[in-house]
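Asks: Predicted model, plus sequence, below.
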Protein chains: 2
Amino acid sequence: MDTTQRTDQQRSADRRRRELLEAADRVVLRDGPQASMNAIAAEAGITKPILYRHFGDKGGLYAALATRHTDALLASLRAALDAPAERRERVEATLDTYLAAIEARPQVYRFLMHPAEGGQTADQGFEAGKHSIPLLRRMGEELAQVIEERVDLGPNSQQLARVWGHGIVGMMHAAGDWWLGERPCSRAELVRSLADLLWGRLAAAGDKAGGPGF
Amino acid sequence: MDTTQRTDQQRSADRRRRELLEAADRVVLRDGPQASMNAIAAEAGITKPILYRHFGDKGGLYAALATRHTDALLASLRAALDAPAERRERVEATLDTYLAAIEARPQVYRFLMHPAEGGQTADQGFEAGKHSIPLLRRMGEELAQVIEERVDLGPNSQQLARVWGHGIVGMMHAAGDWWLGERPCSRAELVRSLADLLWGRLAAAGDKAGGPGF
DNA sequence: ACCTGCATGTTACTAGCGGTAACACTAGCT
DNA sequence: AGCTAGTGTTACCGCTAGTAACATGCAGGT
């Protein structure tokens, strides 16, 4: 039988793959999403064709890399989301977890949010809407699931939960992106403001004096 | 005086510029954000260097192109935002305006949301956060201004309004992007769900039976 | 010993990209 | 005439993603 042999080979291939991914990680951490295949290969101490044998094309490598970080981030988010606490507290913890992550490793964050975007070839498919950032989609679906599991939304709850999941994730993302660039306030303040928004403070607030109609 | 002469030249240059922009528009509409400078030049019936003389570099052309569409979209959004109606109604009208726009011209939408992303040179700066999509930022700031003008938020209103502006825009964007890809419901339903979210229905809803702690 | 198969690695190449230098032509002003 | 300014070209650079062809080292079978 050649099973043992094959297992050995597979193992060594997997190890190599992980090594390559770690090298790629280092380069992305240093150069951002513009990291070229040449640079990654050099960092790994090899040349391009090997990368292509392992990952197919740049998209494949980037997908593998993104999956890693995405999984890690999703795990922390799930922990915050599933904690045995009041809803408001859980929401704030989740927001804070996400913001802390992007604050700690902005390069990785930037990479995850702008993955494909190659240059010339491939990229087919298109189809308007297919382009969305995978991490955002996954977070949206994850959040939708938690909402549907734990919040009583009456009929049509599944669809409502999904809209909210993606909507809230988008809110978190956009606000975080803006905050990371301008740093207009502390993280805690941002978390509080966003939670306030989700808690309906916009609807509850009164009109300002000297309003419309004058 | 050379004023008339200069005016003539400027006029003709401006006309040429507009023609080139329209050609670029056609190409982007056809090829998406991957449209190459060569393709745009060919569509305009000229060659690359002329494009570069007019717009500096690819970023310049794309910025000019994006400004056009962004201005148009922002104008409609402002109209919906400033209408003399109840707040909820205005919010729903704004959401619907945005969603209708991205539904009608998904290619343009995709282009606006993924502008830069060149390939090799330039792109310096980086600085984590600088990369955000201009359209989103502008919409966020616009909304923040309207919120601050018309809603009474007590002290620190400016900062709160900005957080909310960017957050709400992000929510709209992410939900719209997901919706455009999966089409899980009608536009009206989506608008209603998002408005419900902003109106605090998440906070108001009860826990689901069989909740945590068991 | 020898040959076969397979994974790993290389060099050298293609095609296309963004961007630029150098040159040709036309128009109007002095 | 001559000078300047704008429009246009061809031909090139350096870079990218991706590939073909060739070399090497290590299993196992005969």
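Replies: Yep, it's here.

Asks: Where do the domain boundaries of chain A fall?
Replies: A:11-56, A:66-116+A:131-201 (automatic domain parsing).

Asks: Need the ones you listed in JSON lines (columns: distance to B:A39, mean neighbour count and mean pLDDT).
Replies: Backbone N, C-alpha and C define where each C-beta goes, glycine included. Shown next, in JSON lines, are the domains of chain A (distance: least, Cβ to Cβ, whole Å; neighbours: other Cβ atoms under 10 Å in any protein chain shown; pLDDT from 0 to 100):
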{"stretch": "domain A:11-56", "distance to B:A39": "23", "mean neighbour count": "16", "mean pLDDT": "91"}
{"stretch": "domain A:66-116+A:131-201", "distance to B:A39": "19", "mean neighbour count": "19", "mean pLDDT": "93"}
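
Asks: wait, which of these is closest to DNA strand D?
Replies: Closest approach to DNA strand D among the domains of chain A (Cβ to the nearest atom of the strand): domain A:11-56, 3.5 Å.

Asks: thinking A:L99 is in contact with A:W179, fair?
Replies: Yes - taking contacts as Cβ atoms under 8 Å, A:L99 lies within contact range of A:W179: 7.3 Å.

Asks: so what sits against both of those two?
Replies: A:R187, A:L190 (Cβ atoms under 8 Å, 6 or more residues apart in numbering or on different chains).

Asks: could you pull out the helices for chain A?
Replies: A:3-31, A:37-44, A:48-55, A:58-81, A:87-104, A:106-113, A:134-150, A:157-182, A:187-198, A:201-204 (DSSP state H).

Asks: Can you tell me the closest non-neighbouring residue to A:P134?
Replies: A:A66 (6.4 Å; Cβ to Cβ, 6 or more residues apart in numbering or on different chains).

Asks: which residues touch that neighbour?
Replies: By Cβ under 8 Å, 6+ apart, the neighbours of A:A66 are A:F111, A:L112, A:P115, A:P134, A:L135.

Asks: want to throw these into a markdown table with distance to A:E103?
Replies: Converted to a markdown table, the contacts of A:A66 look like this (distance: Cβ to Cβ, whole Å):
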| residue | distance to A:E103 |
| --- | --- |
| A:F111 | 15 |
| A:L112 | 14 |
| A:P115 | 20 |
| A:P134 | 21 |
| A:L135 | 16 |
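
Asks: filter these down to the ones close to DNA strand D.
Replies: Near DNA strand D, judged by Cβ under 7 Å from any atom of the strand, there are no entries from the contacts of A:A66.

Asks: follow-up on the earlier one: can you say which of the domains of chain A is nearest to DNA strand C?
Replies: Closest among these, using Cβ to the nearest atom of the strand: domain A:11-56, at 3.3 Å.
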